[in-house]
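Trainee: Provided below are the primary sequence and the corresponding predicted coordinates.
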Amino acid sequence: MKKLIGRSDIEDALQRLETVTVEESRMATTEVLKDFHDVKNTLNAFGDKLQDVHEKVKDIGYKDINGAQTVAQLLATSTTLNVLYG
C-alpha cells in the first residue's frame, strides 16, 4: 500500500511538472511573438522613412531611382560631407 501511495505522489509531481513546463513554453512563445511584432513595427517605420527620403530625393531632381540606389547615394554624399567637413 505504501508503494502505491508513493507512486501516486510521484505521478502527481510529474503531472504538475508537465503543466508547468507547458505553461513556461507558452509564455516563452508569447515573448518571442511580442519581440517579432516589435521588430516588424520597427522595420515598417524604417521603410516608411526610407520611402520619405526617396520621395524627397526625387523632388530634388533624381528621377527613376529605386530605394537602394537612393540609400547608396545618400550614404555616399554623407560620407563625402563627413570627409570634407569632419
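Mentor: Arrived safely.
Trainee: packing partners for the helix or strand hosting L50?
Mentor: Take DSSP states H and E as the rule and L50 turns out to sit in helix 2-60. The criterion is 3 or more C-beta pairs under 8 Å, 6 or more residues apart in numbering; DSSP states H and E, and the helices and strands that helix 2-60 contacts are helix 67-85. C-beta here means a position set from N, CA and C on the backbone, and glycine is covered the same way.
Trainee: still on that earlier bit, now the helix holding L50: average pLDDT?
Mentor: In this model, helix 2-60 has a mean pLDDT of 84.
Trainee: change the start of the numbering to 7 and stick with it
Mentor: Fine by me, first position is 7 from now on; the one you just mentioned is helix 8-66.
Trainee: Leaving out sequence neighbours, find the closest residue to L80.
Mentor: Leaving aside its sequence neighbours, L80 sits nearest to V59 (C-beta to C-beta, 6 or more residues apart in numbering; 6.6 Å).
Trainee: That neighbour and N47: what is the separation?
Mentor: Distance from V59 to N47, counting by C-beta to C-beta, to the nearest Å: 19 Å.
Trainee: Mind checking which of the two has more residues around it?
Mentor: Neighbours were tallied for V59 and for N47 using other C-beta atoms under 10 Å; the higher tally belongs to V59 (14 against 10).
Trainee: I figured the more buried one hits Q79, correct?
Mentor: No. Using C-beta atoms under 8 Å, V59 makes no contact with Q79, being 10.2 Å away.
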